[in-house]
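S.K.: model this:
(one chain, ligands or ions: 1)
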Amino acid sequence: KENEFSVLEGFYLIHETIGRGGFAKVKKATHILTGERVAIKILDKAALGDDLPRVKQEIETLKFLNHPHICQMYQTFETERKIFIVMEYCQGGELFDYIVQRDRLTEVEGRRIFRQIASAVAYCHKKGVVHRDLKPENILLDSENNVKLIDFGLCANSTNCHKVELETCCGSPAYAAPELIKGERYIGTQADVWSLGVLLYALLNGFLPFDDANLGILYKKIQIGKYEEPRWLSEGSKNILRCMLQIDPKYRVSVEQLLNHTWCQEGNPDTLPLIDMDDSMNVVDNDVIRLMAANIGVLPDLLKSRLSLVNYDKYELATYFLLLRRKQKTGVQLFRRCGINID
Ligand SMILES: O=C(Nc1ccc2c(c1)CCNCC2)c1ccc(-c2cn[nH]c2)cc1OCc1ccccc1
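M.R.: Numbers count the residues shown, from 1 in each chain. Below you'll find the model as predicted:
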């Protein structure tokens, strides 16, 4: 029996299991060349059964999403029995646990988290991707409690995601939009905005706007769309929640409009990555290329051309991404001094 990790040997050191999703196991690992921590999502093809297309869908989608608040995919491996997806390390765990530990977030903290989620979703919508399963369990946090959106297994990609109508009813009931649970044809971006409203409500209150153990009653509550506004909610937060939790999708705001809502703009609008992240993606970072080329012993231009074939089964691409993240985190000076010692 081939050791299931032999394909990773020499590239990654595998550590303990940190989480088990539905049909995935997530292990802590180290990217050997840079020493950076990563998380490796391991899926057993046989156990996946007819969920295999969802995983392929997630991999294809993550290939063209590059955003600081979307969990970055670095590399994928496939053996005859397993699929390995090397992901960004999110040691803050699930947003769900973060809220539960605090009962509910303050308005300042809730706004910071919500703006990061909304900027990631706005970026996806601009790229023609609707997530369709937005909920605290699908939002992880990194070591600085910054948001990392995960699980694009249910997402729908299409060039005109703002217009095309989707049928498949999916996602978690408590976060599902009225039009979605009515089984009507719906617009994915509008359903995502409803889920964002349920998410913000959960962040600020610590409980759900529509909840019931009985699914039928829960659906009724969502369609009526009436929810409690606890006394601790500010006028601004009540207003932005109303903009998202409109039962008629025609009256619901878009994510772009959300980011410009006064409530979102309040306080010090910290540097939100509103610029289109892909510009930075297309312009290859020369510091990283020079450092890598020197260490690997190839000419920068050759390395650039190898990286430009952005197919994720290349170790160099993972190395490039991780060094780029390190530079973004540590700043240029520190980065320039760090050599990668390849013996
Ligand atoms: O790096 C990830 N998780 C992760 C890493 C370290 C630690 C924790 C969590 C919290 C538990 N205490 C130890 C610290 C990590 C990265 C990506 C993905 C991922 C990306 N698409 N799909 C899954 C999943 C991840 O995890 C799942 C998880 C594990 C334990 C709890 C909460 C969440």
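
S.K.: wait, doesn't Ala202 sit right on Leu134?
M.R.: No. Using C-beta atoms under 8 Å, Ala202 is not in contact with Leu134, being 10.9 Å away. Every residue, glycine included, has its C-beta placed from N, CA and C.

S.K.: residue contacts, Val7?
M.R.: With contacts taken as C-beta atoms under 8 Å, 6 or more residues apart in numbering, Val7 has the following neighbours: Phe77, Thr79, Phe84.

S.K.: the closest residue to the first one other than its chain neighbours in helix, strand or coil?
M.R.: Counting by C-beta to C-beta, 6 or more residues apart in numbering, the nearest residue to Phe77 once its immediate chain neighbours are dropped is Phe84, at 4.1 Å. Judged by DSSP: H, G, I helix; E, B strand; the rest coil, the three-state class of Phe84 is strand.

S.K.: quick one: the helices in the stretch 51-200 of the chain?
M.R.: Listed in chain order, the helices of the stretch 51-200 of the chain (DSSP state H, counting those that start in this stretch) span 52-63, 95-102, 107-126, 178-181, 188-205.

S.K.: contacts for the shortest one, please.
M.R.: To tie it back to what came earlier, the one meant is helix 178-181. Under the contact criterion C-beta under 8 Å, 6+ apart, helix 178-181 has outside partners 169, 171, 173, 186, 190-191, 194, 219, 222-223, 225, 247, 249.

S.K.: just the closest of the residues you listed to the ligand, please.
M.R.: Lowest distance from the ligand to the contacts of helix 178-181 (C-beta to the nearest ligand atom) belongs to Gly171, with 15.8 Å.

S.K.: next secondary structure after the host helix or strand of Asn239?
M.R.: With the criterion set as DSSP states H and E, the secondary-structure element containing Asn239 is helix 235-244. Counting by DSSP H and E, the next helix or strand C-terminal to helix 235-244 is helix 255-259.

S.K.: now do the buried residues in whichever helix or strand comes after that following helix.
M.R.: Reading on from helix 255-259 to the C-terminus, the next helix or strand found by DSSP H and E is helix 262-265. Counting neighbours by 16 or more other C-beta atoms under 10 Å, one finds that the buried residues in helix 262-265 are Trp263, Cys264.

S.K.: measure the residue most central in space within the chain to Gln246 for me?
M.R.: By C-alpha atoms, centre = their mean, the mean C-alpha position of the chain lies nearest to Leu149, the distance being 1.9 Å. Shown here: Leu149 relative to Gln246, a distance of 23 Å by C-beta to C-beta, to the nearest Å.

S.K.: before we move on, the earlier item: got the angle for the helix holding Asn239 vs helix 188-205?
M.R.: Relative orientation of helix 235-244 versus helix 188-205 (axes from the mean of the first three to the mean of the last three C-alpha atoms, to 10 degrees): 150 degrees.

S.K.: can you list the residues that contact helix 235-244?
M.R.: Applying C-beta under 8 Å, 6+ apart, the set of residues contacting helix 235-244 from outside is 107, 110, 193-194, 196-197, 200-201, 204, 209, 229, 233, 252-253, 257-258, 261-264, 266.

S.K.: which residues of the stretch 1-150 of the chain score low on pLDDT?
M.R.: When residues are selected by pLDDT under 70, those of the stretch 1-150 of the chain lie in 1-2.

S.K.: which residue ranges of it form strands?
M.R.: 12-20, 24-31, 36-44, 73-78, 82-88, 93-94, 129-130, 139-141, 147-149 (DSSP state E, counting those that start in this stretch).

S.K.: right, is the last one up against the ligand?
M.R.: Spelled out, it's strand 147-149. No. Remark: strand 147-149 sits outside contact range of the ligand, by C-beta under 6 Å from any ligand atom, the gap being at least 7.2 Å.

S.K.: what residue in the stretch 101-250 of the chain comes nearest to the ligand?
M.R.: Ranking the residues of the stretch 101-250 of the chain by distance to the ligand (C-beta to the nearest ligand atom) places Ile150 first, at 3.8 Å.

S.K.: number of residues surrounding that residue?
M.R.: Residues contacting Ile150 under the criterion other C-beta atoms under 10 Å number 24.

S.K.: ok, now the one 5 residues further on?
M.R.: As a burial measure, Cys155 scores 23 neighbours (other C-beta under 10 Å).

S.K.: got the contact list for it?
M.R.: Shown in contact with Cys155 (C-beta under 8 Å, 6+ apart): Gln57, Glu58, Thr61, Cys124, Val129, Val130, His131, Arg132, Asp133.

S.K.: return the member of the residues you listed nearest to Asp44.
M.R.: Looking at these and their distance to Asp44, the nearest is Glu58, at 15.5 Å (C-beta to C-beta).

S.K.: what about the residue in the stretch 1-150 of the chain that the ligand sits nearest to, neighbour count?
M.R.: Nearest residue of the stretch 1-150 of the chain to the ligand (C-beta to the nearest ligand atom) works out as Gly19 at 2.4 Å. Around Gly19 sit 15 other residues, with neighbours defined as other C-beta under 10 Å.

S.K.: Lys28 is in contact with that one, correct?
M.R.: No. Applying C-beta under 8 Å, one finds Gly19 not in contact with Lys28, separated by 9.5 Å.

S.K.: gap between Thr262 and the ligand?
M.R.: Taking C-beta to the nearest ligand atom, to the nearest Å as the criterion, Thr262 is separated from the ligand by 33 Å.

S.K.: ok, that residue to Asn66 distance?
M.R.: 30 Å.
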